[in-house]
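> Structure of the sequence below:
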Amino acid sequence: MAIAKAEGARLVAGSRYLLAIVCLVGLYEVVSTLLDYQFTATVVHFVAGDPTKHFSTVYTVTNLVALVVQLFLTANIMSRFGVKAALLVMPLLILGVSGLFLLLPILWIGSSLNTVDNDFNYSINQSAREALCTPLSRDEKYKAKAFIDMFLYRTAKVLAVGVALLAGACFEEFEAVRWLSIVTLALGGLWLAVARFAGNEFRRLSEGP
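Sure thing, here's the model as predicted:
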């Protein structure tokens with residue numbers, strides 16, 4: 001197990017393409033955690049009394065939109081426009097909704113942070129990210145991807161939890177929560193750049209020499 005992990009780490013460290021996949025995983029986990037923090041803080045601030053009904057409404061809308069995205073958008077975007085375009089969808093949406101929340105931190109914009117995060121990650125973003133592994137060599141698929149999925153993914157989760165705790169400590173008042181969008185905008189811009197690189201490399205590797 002330790003040997004396989006070391007081999008996977010070596011493969012990841014030696015490939016800019018694999019490092020890009022790692023960055024996509026890590027960026028999503030951190031951004032998602034920040035969006036969830038902003039969403040929860042927004043609901044708690046604006047909804048008087050028990051916010052359960054509002055949370056239920058948001059999750060219902062999220063599930064319906066996710067169904068539509070999965071049935072009608074994911075396959076169409078990937079087949080018609082390619083993996084690169086599919087990779088760009090979520091960071092572009094994150095940039096848009098975070099920019100809106102920074103300018104206008106109201107209940108339904110804050111709630112849409114959750115909808116964009118969950119709808120597009122578990123459909124088009126996840127599908128596009130998995131597609132990035134198709135041109136990998138056998139060793140990269142079974143060793144490097146396993147290292148990413150089992151070790152780096154969990155590391156990203158731990159980092160995201162640390163970010164959430166830091167956010168809770170630094171942004172206790174709701175008036176300050178909107179400024180977290182500056183962080184998500186910066187990370188979203190980096191995510192967009194990495195997604196473009198990964199998409200270009202996917203095309204190059206898929207087409208071969």
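> pLDDT below threshold where in the chain?
1-9, 141-142, 145, 152-153, 171, 208-209 (pLDDT under 70).
> Point to the residue nearest the middle of it.
residue 28 (2.8 Å; Cα atoms, centre = their mean).
> Tell me the buried residues in the host helix or strand of residue 197?
Using DSSP states H and E, residue 197 maps to helix 180-207. Buried residues in helix 180-207, counted by 16 or more other Cβ atoms under 10 Å: 180-181, 184-185, 187-188, 191-192, 194-195, 197-199, 201-202. Using the backbone N, CA and C atoms, a C-beta is placed for each residue, glycine as well.
> can you pull out the helices in this protein?
2-13, 16-46, 52-68, 74-80, 83-103, 107-120, 126-131, 138-139, 145-147, 153-170, 174-177, 180-207 (DSSP state H).
> In terms of secondary structure, what does the helix holding residue 197 contact?
Packing partners of helix 180-207 (3 or more Cβ pairs under 8 Å, 6 or more residues apart in numbering; DSSP states H and E): helix 16-46, helix 83-103.
> and the angle from the last one to helix 180-207?
Spelled out, that is helix 83-103. 180 degrees (axes from the mean of the first three to the mean of the last three Cα atoms, to 10 degrees).
> for the longest one, same thing?
Compare the direction of helix 16-46 with that of helix 180-207 by the same axes, to 10 degrees and you get 150 degrees.
> buried sites along helix 16-46?
Those would be 17-43, 45-46, for helix 16-46 by 16+ other Cβ under 10 Å.
> Next: the shortest one.
By neighbour count with 16+ other Cβ under 10 Å, helix 83-103 contains the buried residues 83-84, 86-91, 93-95, 97-98, 100-102.
> what's that helix in contact with?
Residues from elsewhere that reach helix 83-103, judged by Cβ atoms under 8 Å, 6 or more residues apart in numbering: 24, 28, 31, 35, 38, 74, 77-78, 109-110, 112-113, 116-117, 120-121, 124-125, 127-129, 131-132, 178-179, 181-182, 184-185, 188-189, 191-192, 195-196, 198-200, 202-203.
> that older thread, and the helix holding residue 197 with helix 153-170, angle?
160 degrees.
> ok now helix 180-207, how far from the chain's centre?
In this view, helix 180-207 has its centroid 11 Å away from the chain centroid, taken as Cα atoms, centre = their mean, to the nearest Å.
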